[in-house]
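Student: just the structure for this:
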Amino acid sequence: MAEAVHYDIEHRSRYHYSGSPKQCVMMLCLKPRNDRGQRVLNFGIETDPAALLTSEQDCFGNTRHVFNLNGEHRVLEIIARSTVSPTHFSPLPFCLGAGAWKEIRSWKDSFALWDFVHPSALTRPSSLLAEFVERHGIQRGEDPLQGLLRLSDMLHQRFRYAPGSTSVMSSIEQILQSGGGVCQDYAHTMIAIARSWSIPARYVSGYLHLAGLDGEQAPDNATHAWVECLLPELGWVGFDPTNRCLADERHVRIAVGRDYRDVSPTRGILRGGESAGIEVDVKVSARTVSPGSREEAFSERTRVLSPK
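Tutor: Okay, here's the model as predicted:
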């Protein structure tokens, strides 16, 4: 049996405030998903100042942690550590069956898929998007899988990876106008076009282990976003237009949603004081584990810690 790969991940967020907030309520979406073959072997969160966290699950199956921090503070640090065993991905077929488009059209009014078929706040259709599609001759084609692969490749070729050129809440109009953006902009644009073809598409937040991508357009801090589309015969298939590849063992899934707003890693409300900025540092390292070892046999362990 081949050795297994484990990813050790540290996600550190440090908020600085002007003035001292008297109260801070934060919601975190930092725990990787335990599904589709991906296993979370260890997970823990630390906060400084110390806070008591509670966990809940949202309507998309993502795990969230919430805490209420009372007392003045000038800095808030949140550290999430994970150990994840990635899933194994099998090669895709060249194309789908003859009835694939007919089956996809039948999903349009499905209650379960409604959120992923219709526009969302950051994936809305527009005249600028329609002009972009027409100018570049973007067509769905005879086969949905091949159409999505061509779309992903085209976005990779037409857009310029430009960190700092957009914000996490930028509309797709910004990347369509400038031609430059980052992973969430690529993802939002692909989702908007896929949904216009009636293909269910969702936004995926996660981490990316950079090995094997040649460093061409890999995000500097290893946080990442890509797209999953629902296809007949295959289920949800991941497309990474930023790096011109399919999502595979290097992609660690944290959360899925309609767009970035559903899966932001941290968000909060302050009473008193103002946010003066945030520093985010993410480290993803890979290691191999022998089959049958004690570590490979770990079940999931979740812990919430406060600093000593």
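
Student: would you map the strands across the stretch 151-300 of the chain?
Tutor: Assigned by DSSP state E, counting those that start in this stretch, the strands in the stretch 151-300 of the chain fall at 160-161, 180-181, 201-208, 223-231, 235-240, 245-246, 251-257, 266-271, 274-289.

Student: quick one: the helices in the protein?
Tutor: Along the chain, the stretches classed as helices by DSSP state H are 100-106, 114-117, 127-135, 144-158, 172-178, 183-196.

Student: single out the most deeply packed of those helices.
Tutor: Greatest average neighbour count among the helices of the chain goes to helix 183-196 (a mean of 25), per mean count of other Cβ atoms under 10 Å. (Each C-beta comes from the backbone N, C-alpha and C, glycine too.)

Student: which elements pack onto that one?
Tutor: Applying 3 or more Cβ pairs under 8 Å, 6 or more residues apart in numbering; DSSP states H and E, we find helix 183-196 packed against helix 127-135, helix 144-158, helix 172-178, strand 201-208, strand 223-231.

Student: and those: which comes nearest residue 250?
Tutor: strand 201-208 (5.9 Å; Cβ to Cβ).

Student: quick one: strands adjacent to the closest one?
Tutor: Here strand 201-208 is paired, per DSSP bridges, with strand 223-231 (antiparallel), strand 251-257 (antiparallel).

Student: let's have the ones you listed in CSV, adding mean pLDDT.
Tutor: What follows is the strands paired with strand 201-208, written out as CSV (pLDDT from 0 to 100):
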stretch, mean pLDDT
strand 223-231, 96
strand 251-257, 97
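
Student: can you lay out the ones you listed as TSV showing mean neighbour count and distance to residue 50?
Tutor: What follows is those, written out as TSV (neighbours: other Cβ atoms under 10 Å; distance: least, Cβ to Cβ, whole Å):
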stretch	mean neighbour count	distance to residue 50
strand 223-231	24	25
strand 251-257	23	24
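
Student: many thanks, I have nothing further to ask.
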